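**Q** Test case, fold it:
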Amino acid sequence: MDTLPVKMTLGIQPTGWTNDDFQEIGNDIPYQTILEQTKEAGFDGGSTGHNYPTHAPSLSKAMQLSNLKIAATWDGTTFTTGIEIEEAFSAFQAQVAFLKSVGAQDVVVAELANAVNQVRTKSVLTDRPIFNEPQWYLLTSLLDRAGKYAHEQGMQLSYHPHVGTGVMTIKETIRLMESTNPIYVGLCLDTGHLHYGGAVNYKDYGDAQDYRRASQSEIEDLTERYASRIKHVHLKNVRRNVLPLAVDNKFSFYQAIMQGIFTVPGDPDGDLDLRPILRILKGAGYNRWMIIEAEQDPTKANPLQCAKTARAFLREELGW
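**A** Numbering: from 1, shown residues only. Prediction:
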């Protein structure tokens, strides 16, 4: 397949410095430091963190001073509850308005009703919700509605499969894609969450190497299948030695993060080979945000060093 001319916008999330789910992680690191180091490492911007300004003009000013851009802001929906739907939709509209006002074009969403990723006492893989048919209908129909609204506002909705939620595996991601309107609902490809989320069936694969090979192939196939619908990318890896511990000990998301489940591209401890996934996206002409992400404890994984490692990986693979 010939590679089309492509220039992705390269970003990095503040989750290497601090954490929105567990705000005490890195909470002493001011957002100004995150922006300074984002720029120093050679990135164009990223999403906001919990300690960023929530006043849109203040946030815009901070980004302008840093010569950086806002990629998106995480929006957790509660569509599958079936209650207070208009209130949930209004909250989504407010998020779109905020993002638009600070110059972003993407809104990244995940369904968080009954999710356990923010619950420290729940296993992120085995205690998460499993949607029934009415819940799937609510989720997909309301995502179409939300995506249409975003489209009308000049914005792109992308759905983010996430561990601890009702859409975290490849199979569930495919169902969501096949049940939503491709004009309005894009996919946020998160390599780390798909690899970790698929490990809910880890034991079915025999051993760690078998799972790694199968998951690698499945994520590549998903990228190929929905290349035209991938509108946002979170590129991250899963530490090879931590994944079996997280599965066997039924870690909560907090425990997994503190044990170092995620790492950046370019780290030799990563379980996935991310180069084929980048090649598929390049071949498809992907030219939107390519976001480095790895929720980590900054006292164990130096944020600036990790950012530079990831940027070097992208430079080697993309050529800039």
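
**Q** The residue lying closest to T126 once chain neighbours are set aside in helix, strand or coil?
**A** The spatially closest residue to T126, leaving aside those adjacent along the chain, is K250, at 5.8 Å (CB to CB, 6 or more residues apart in numbering). Backbone N, C-alpha and C define where each C-beta goes, glycine included. What DSSP: H, G, I helix; E, B strand; the rest coil gives for K250 is coil.

**Q** With K300 instead?
**A** The three-state label for K300, taken from three-state DSSP, comes out as coil.

**Q** Where do the strands of the protein begin and end?
**A** 9-12, 45-46, 69-70, 74-77, 106-111, 156-159, 185-190, 230-235, 237-238, 262-263, 289-292 (DSSP state E).

**Q** Next, format the ones you listed as a markdown table and append mean neighbour count, mean pLDDT and distance to I25.
**A** Putting these into a markdown table (neighbours: other CB atoms under 10 Å; pLDDT from 0 to 100; distance: least, CB to CB, whole Å) gives the following:
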| stretch | mean neighbour count | mean pLDDT | distance to I25 |
| --- | --- | --- | --- |
| strand 9-12 | 24 | 98 | 16 |
| strand 45-46 | 25 | 98 | 17 |
| strand 69-70 | 21 | 98 | 22 |
| strand 74-77 | 20 | 91 | 16 |
| strand 106-111 | 25 | 98 | 19 |
| strand 156-159 | 24 | 98 | 25 |
| strand 185-190 | 26 | 98 | 19 |
| strand 230-235 | 24 | 98 | 18 |
| strand 237-238 | 26 | 98 | 18 |
| strand 262-263 | 25 | 98 | 12 |
| strand 289-292 | 26 | 98 | 18 |
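
**Q** who wins for proximity to C306 among those?
**A** Closest approach to C306 among those is made by strand 262-263 (7.6 Å; CB to CB).

**Q** which neighbours does the closest one have in its sheet, and in what orientation?
**A** Partner strands and pairing direction for strand 262-263 (DSSP bridges) are strand 237-238 (antiparallel).
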